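> Structure of the sequence below:
(2 chains)
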2 protein chains.
Amino acid sequence: MASTREEGSDELRDVALLPEPPRGPLWAARARASFPWRELALFWEGNDTLRFKKTVFSALENDPLFAPGAAPSVEKYQEVTFLRCKRVFEYDFLPLEDALQRPERVMSLIQCLSAYDLSLAATFSLHLLTFGSMIYTSGSERHLKYIPEILSAEIFGCFALTELSHGSNTKAIRTTAHYDPATEEFIIHSPDFEAAKFWVGNMSKLATHAVVFAQLYTPADQGHGIHAFVVQIRDPKTLLPMPGVTVGDVGRKLGQNGLGNGFAMFHQVRIPRQDLLNRMGDVTPEGTYVANFKDVRQRFGQSLGSLSSGRVFIMAMTTVNLKLAVSIALRFSATRRQFGPAGGEEVPVLEYQMQQCRLLPYLAATWALDHFSRSLFLALQELQQGLLRNDWNRQAELGREIHALSSAGKSLASWTAQRGIQECREACGGHGYLAVNRLGSLRDDNDPNCTYEGDNNVLLQQTSNYLLGLWARRRQGGGRIESPLKTVDFLDACADTLGQRFAVCSPEDCLDSSVALAAYEWLVCYLLQESHQKFNQEKQSGNSDFEARNNCQVYYCRSLALAFLELAVVRRFHEFSHQPRVPPPLQAVLRRLSALYALWSLNQHTALLYRGGYFSGEQAGKMVESAILTLCAQLKDDSVALVDVIAPPDFILDSPIGRADGELYKNLWGAVLQGDKVLERASWWSEFVNKPVVGSLKSNL
Amino acid sequence: MASTREEGSDELRDVALLPEPPRGPLWAARARASFPWRELALFWEGNDTLRFKKTVFSALENDPLFAPGAAPSVEKYQEVTFLRCKRVFEYDFLPLEDALQRPERVMSLIQCLSAYDLSLAATFSLHLLTFGSMIYTSGSERHLKYIPEILSAEIFGCFALTELSHGSNTKAIRTTAHYDPATEEFIIHSPDFEAAKFWVGNMSKLATHAVVFAQLYTPADQGHGIHAFVVQIRDPKTLLPMPGVTVGDVGRKLGQNGLGNGFAMFHQVRIPRQDLLNRMGDVTPEGTYVANFKDVRQRFGQSLGSLSSGRVFIMAMTTVNLKLAVSIALRFSATRRQFGPAGGEEVPVLEYQMQQCRLLPYLAATWALDHFSRSLFLALQELQQGLLRNDWNRQAELGREIHALSSAGKSLASWTAQRGIQECREACGGHGYLAVNRLGSLRDDNDPNCTYEGDNNVLLQQTSNYLLGLWARRRQGGGRIESPLKTVDFLDACADTLGQRFAVCSPEDCLDSSVALAAYEWLVCYLLQESHQKFNQEKQSGNSDFEARNNCQVYYCRSLALAFLELAVVRRFHEFSHQPRVPPPLQAVLRRLSALYALWSLNQHTALLYRGGYFSGEQAGKMVESAILTLCAQLKDDSVALVDVIAPPDFILDSPIGRADGELYKNLWGAVLQGDKVLERASWWSEFVNKPVVGSLKSNL
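From the prediction side, this is the model:
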C-alpha cells in the first residue's frame, strides 16, 4: 500500500488516471457512497501501480488480438493464447531491470493478465516464473545460458513433476534418470504409462524444454532420490517431439483450456550430464554423486521460498477471480429490480438483506485477501533479499513462517474464491448462468487453484504441522513462541488467552474487527491445544505417527490451519484499516470491510466458541449475527463505489451485466443478439419435419 | 420402495438383472462389504424398477445415436439432443397407459435420461411434462386436441413465463394479451425488449408452440392479471417463425447446452380466442371476462400440485447428479493410492479419514434424498388422485404441505448436489478436473437446478411462510398443528420440545439417527419461535410487512426452512431404515447411512444447538463429531458396494476414473489417447518458430 496521498493531490492527473464512471442506472447508487472512490483507489493501489495497470489494460484493449469473441475450440483457444503470450513479450511491459527494481510490478502484471484471462496468465507465468526461476534457483552457472533464451521466448518451458499415478505424493514419482559415464549422459526413462508425466502446464503442444523430476541413479549406488533435469522435449525449429519423447495433450478440462496441459513419456532419452540442475547435488563425469551440503540452509530457505512463491501468486490470481465475480454480481444487484413494497416500485435486489448477506462478505473478503497476498509477497521479497545477505537463522525461520502462511493461505483464498464465485453466479440468477456474463469461466478457471501447487487439504497439514511443531518445542522448554512476521507470537500467551471470555454487551460493540480478532486468538489457541491432545491420544492408543496424524485432521488440524490463517488475514487487514495514515474519509468504510470479513469468517466457528466456553448464553451468538447484518446494511450503499475501486475496465471485466454504466438489460440484450446464428433457423430443421413414429423401435427393447 | 424380497428370491434371475461387477482392482474393496449388494439393490429399487431402468439403459447403450463422443459445438449438441429425444419417442419406453398405471415409471424414465444427459431429460420433460401437463391442467376440453400432437411430437412445446427483466417476480411480467372482439382474437405483444420472454427451455430453435403467460386485458376493463395462452411460434412444416414472432437462442450457458434456451418477442401476434387456457377464467366472444370460481379449491390444489410436481422432478434429477458424482469419486478413491505408512505400500486415499469425511456424508445424502424425493412423488400421486375424488379439504392441506416440502426440498437437494459434486471434483484432484471424467459437466448441468422453477432462496420463503402460518394460527387458538403427511405434527408439542436437552452420554449412543431426529425437532421448534419473534419485533419497530419479512430471512426464516426440510428427510429415512421389513443383512448399513446423513446435517447447526441451550458442555459437540468419524470409518468398507447398488452401467456413468472394473489408470490413459489430435503437432507451430521481438511494441504503450 503505497503512501500516495501527496502524489494523488494533483486532481487533474487523478481524473485522467481514474476517469469518472459513465452516467447511467448505477449513478444513484454511486451518489450514496460515503467516501471519495478516487481517494480510496489511490490509497489502496498507489499511483505507480494504478498507472502500470492502466498501461497494461489499455494495451490489451487497443490490440485487436485481444478482442473478445465467441468461445473458441480448445485447439483455437490454445493457439490464440500463445499468440497473446507472444504479444506480451513484444510489449515487454516489464523489462528485467524494472522487474528486479520493482518486484511488486511482477505481481501487478500477473494480476492484469489474470483479470483478462487466467489461461494467458498461466501460460506466461509457467514459462517465465515457474520454469525460469526453477532453472535459476536450482541450477548453477552452467545453466545461465538458458536465461536469455527464456526471456526472449527462443525456448518455451514447463515444469514436469506430477505423473499419471502420483500427484500429492511427489516423492514417489517413478521416472528415472540413470547416469551413463561412457557418454556422460543421463538416460531419462518412464517405466510405464502410469509414470507418464501428466498435467504439465504448457507441455501439451508448446513447450520445447521441461524441467523433469526423476529418481537419480548412478552406476555404483542405490538411488539418490528426486532430482531435476532440463530435458529438451521438442525441436524449437519445428515443434516436433525429440526422439524418444511421446508428448501430447491431456484433453479438455473444466476450465483454463487456453493453457495446454500435457503428458510425456520418455523412452531412454539421453541428455548431457550438464543438464542436471545441480544446486542440491551433482554427478561427476565419472559417475560419482556429490551432495552439495555446503549451503544447506540457504537451499532450505530458497526451496521453501520458491515453493511459497508459486502459492502466493496463486493467492493473488484467485483473489482477482473473486474480485471480478463480486464486481459483476454487485453491479447486477444494484440495477436488477424484483418485487417491492405493496403498491410501490420494484426495488434493486441489493436492497434485500438476503442479497447483501450473500455478496457483501465476499466483497470484504476480496479486500482482506488482496491485502494479505500483497503483504505476503512483500515478505517473500524480504526473504530473498535476506538470503543474499546470508542472514541464515532468521531467514530459515522466515522461510518456515512464509511456507505455513502461503500453504493455508492458498487454500483459504482459493476456496473463498470458489464459493464466492458460485454465490455470485446464483445471486445473478439465470443471467449468471449465461456464459457471456463470465461468472462460469471465472468459476471454472478458478477451480484448479484448489488443486495444483498442492491440494488444499494436503497443504493445510503443512500449516498445522508448523503450529504443532512450535507448540511441542515450547512445551519441551523451547522458550518463547515468536516468528519474524509475528503471526504466531500470540500463541505465547496461550494459557492466558484460553482463560478469556467473550465480554461484549451489545451488537454495536462488535462493529470493530478487534472483537473478532480477540475471539480468533482464543479459537486458534483452543484448536492448537485440542489438536495437540488429540494427536497424543492417538499415539497413546498405539497408532503409528502416520495413522495418528491422519486421524487428527478432520475437526482438529484442518480447522486449526484454517482458523490460524483467517486470524492472520483478519489481523493484517485490521492493522491496515486502523493505521493512523488512513485518510479520515476512508476510515469508516475500510474498518467496516475489516469488521465484516472478520465477523463473517468467525461466525463459521461459532459452534467451537460455544463448545470451548468462549461464548456462553444466547446473546453472544446473536450479537455476532446482528453485527454482521448491521455491517452489511452499512456497506450496502458503499458497495458500488467499492466495486469501482477494484473492478478493471469494462473491456477486461467482459461481462454485459457487470458493465460500469449499469445498463444491465441493454448490454445483455446487445450481447445476446451478437451471438452466432441467434435468430437463424436450426440447420437440422428437416429432422423435425421428419416425424418420429412413436413406438417404431419398441420391438428392439 | 417395493417389497421385493419374495420376487428377489429367484437367484438366477437376480444375477441376470444385476450381473457381477467385473474383476479388477475394486474387487478387494467389494469383498469387504458387510452386506449382499444384490439384495440391497432389489430392496431399494424393487424388481420392476430395476428391470425398467435396465431396459432403458440397454436401449441407449445399444443405439449408436447415443454413443459418447468429443464435446460438440452448442449447435451440434442441440441437434443431437433433439435426435435422441426423437429416438426416445420411437422407443416409446412408457406408453401413456403404462404411465397412468405406474406413474413411478415416469420418474424412473426421467431419472434414466438424466443419468445419461440432463439436456436430453430436460428437452424431453419440458415438452411432455411441463408444456403437456400445463395444457392439460390449465386448459379445458377445447385444448384436448393438442394432446395427441404433443404425444406424437407433431408439435413441440415450451413454457414461456420469465422475461429478460423478470424472473422471480413473475407477477410483474409485462407481455400483454389484449382481446379484440371484432376478430375474436387475442393480440399477444411484448412492449419492449425488457419484456422479451427469456430463458425459455426448448424455445431457441425447436419449439413450435409455447404456453405464453401474459397480462390479460378485455376492452371494457382494467387488466385481469396473468393468464396463459397457447401461442404457435413456428411453423411445424418449416420451423420458421410465425409472423410477428422474433425468436432465438439466449446463447451458450455454463451447462445443459444440449437444451436450447430461447427468447421471444411478440409483435401484435394474433391468436384465436380459444387458445386462452381457460381453467382460471375465460373471455366470451363478445369480450366479457368470466372468472371461473366454481372449483376454486380444486384449482388451488391443482396449481400447487403442478408447481410442486416440477420441483419434485428437479429433486429427483439433481439427486441423480449427486449419485453419479459420488459413484465416480468413491471408485476413484478406492483405487487411487497416495502416501502410506513409513516403509509400507501406498494406501488407497479412501483409507484417509479426511477423504472419508469429504465423500461418505454425500453418499449418505444421496440415499436419504433419493428416498425423500420418491416419497414426495408418491404423495403427489395421492394429491392428484384425491382431487379426482373431490376430497377438497384434505387435498388443500395436502397441497399446501407438498408445496412447502417441495419448495425447500428442491433447494436442499440442489444445493447438496452442487456442493457434493464440487467436493467430488476436488476429492479426485487433477483427474477430477479433466472433462472426460464427467464431474465438470455434472456440476455445470446441475447448477441451474438452484435457480429455475424458483430461486432456492426465494423458494425457502414459501416453506418458512407455511410454518409461520401454522404457528400463528395455533397461537390464535386454531387447534392442533397437523398435516396429512405428518411432517409438522411435532410442532404441536413445541413447548415441551423446547424444554428438552441433549442427554447422550457417549459417542456410541449417537450412532442411531433417533438422536439427531430428537435434536432436529428441538432445532426446528427453536427456529420457528425465534423467527416468529423476530418478525413481530420488526413489525413493532414500525416496518411494513414487506420490510419485516425481508429482515427476517437471514439467520431466521431461511435457517428454519432448511432445518425443517432436513428434519423431514432425516425422519423419512430413519423410518425407512428402521422398519421391520428391512432384511436383517441390510439393517446395519442402512441405519448407518441414516445416522451419518442425520448427524452430518445436524452438525451444521451445532452453533444454534449450543446457543439455544440444547447442547451444553464440551462433550455434546465432541460426541457428535466423534460419531460422524465413527460412522464414516464403519461405512468406508461398504462404500464401494453401496456405489454398485446406485451407480448406472459404465456406459451411462461415462467416466474413465469411475468405471466398475476399477482400472483407473488404464481407463483414463485409454480415454486420453482417444482424444482428438492428442499427439499431433500444433497446427500453429510456425507461429512459434516466428519469434517475438521482445519490446518491439513497447513504443505503442
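
> Can you list the low-confidence ranges for chain A?
A:1-12, A:293-303, A:388, A:390 (pLDDT under 70).

> ranges for the strands of it?
Taking DSSP state E as the criterion, chain A carries its strands at A:157-160, A:176-180, A:185-189, A:197-201, A:209-217, A:223-232, A:245-249, A:261-266, A:269-272, A:281-283, A:289-291.

> What about the nearest residue to A:G695 once chain neighbours are set aside, how many residues nearby?
In space, and not counting its chain neighbours, A:G695 is closest to B:D92: 3.7 Å by C-beta to C-beta, 6 or more residues apart in numbering or on different chains. Where you see a C-beta, it was placed from the backbone N, CA and C, and this is true even at glycine. B:D92 is flanked by 18 other residues according to other C-beta atoms under 10 Å in any protein chain shown.

> Test my guess that B:D92 contacts A:N700.
No - contact criterion C-beta atoms under 8 Å: B:D92 and A:N700 do not qualify, at 10.7 Å.

> returning to what we had before: now mean neighbour count too, for the strands of chain A, in a markdown table please.
Shown next, in a markdown table, are the strands of chain A (neighbours: other C-beta atoms under 10 Å in any protein chain shown):
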| stretch | mean neighbour count |
| --- | --- |
| strand A:157-160 | 28 |
| strand A:176-180 | 21 |
| strand A:185-189 | 21 |
| strand A:197-201 | 27 |
| strand A:209-217 | 24 |
| strand A:223-232 | 19 |
| strand A:245-249 | 21 |
| strand A:261-266 | 26 |
| strand A:269-272 | 18 |
| strand A:281-283 | 19 |
| strand A:289-291 | 12 |
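
> mind checking how far the closest residue to chain B within the stretch 1-150 of chain A is from A:E149?
With C-beta to the nearest C-beta, the shortest gap between the stretch 1-150 of chain A and chain B falls at A:D92, namely 3.7 Å. When distance is defined by C-beta to C-beta, to the nearest Å, A:D92 is 16 Å away from A:E149.

> returning to that earlier point: ok, the residue nearest to A:G695 to B:Q232 distance?
For B:D92, the distance to B:Q232 (C-beta to C-beta) stands at 26 Å.

> Then A:L593?
Taken as C-beta to C-beta, the span from A:L593 to B:Q232 is 54 Å.

> Give me the spatial nearest neighbour of the residue of the stretch 351-500 of chain A found nearest chain B, chain neighbours excluded.
With C-beta to the nearest C-beta, the shortest gap between the stretch 351-500 of chain A and chain B falls at A:G440, namely 3.6 Å. In space, and not counting its chain neighbours, A:G440 is closest to B:L254: 3.6 Å by C-beta to C-beta, 6+ apart.

> wait, the one you found sits on A:N437?
No - contact criterion C-beta under 8 Å: B:L254 and A:N437 do not qualify, at 9.5 Å.

> out of these two, which sits in the busier spot?
A:N437 (27 against 21).

> one step back: would you turn the strands of chain A into a markdown table with distance to B:F213?
A markdown table is the format used below for the strands of chain A (distance: least, C-beta to C-beta, whole Å):
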| stretch | distance to B:F213 |
| --- | --- |
| strand A:157-160 | 55 |
| strand A:176-180 | 68 |
| strand A:185-189 | 66 |
| strand A:197-201 | 49 |
| strand A:209-217 | 59 |
| strand A:223-232 | 64 |
| strand A:245-249 | 47 |
| strand A:261-266 | 47 |
| strand A:269-272 | 67 |
| strand A:281-283 | 74 |
| strand A:289-291 | 77 |
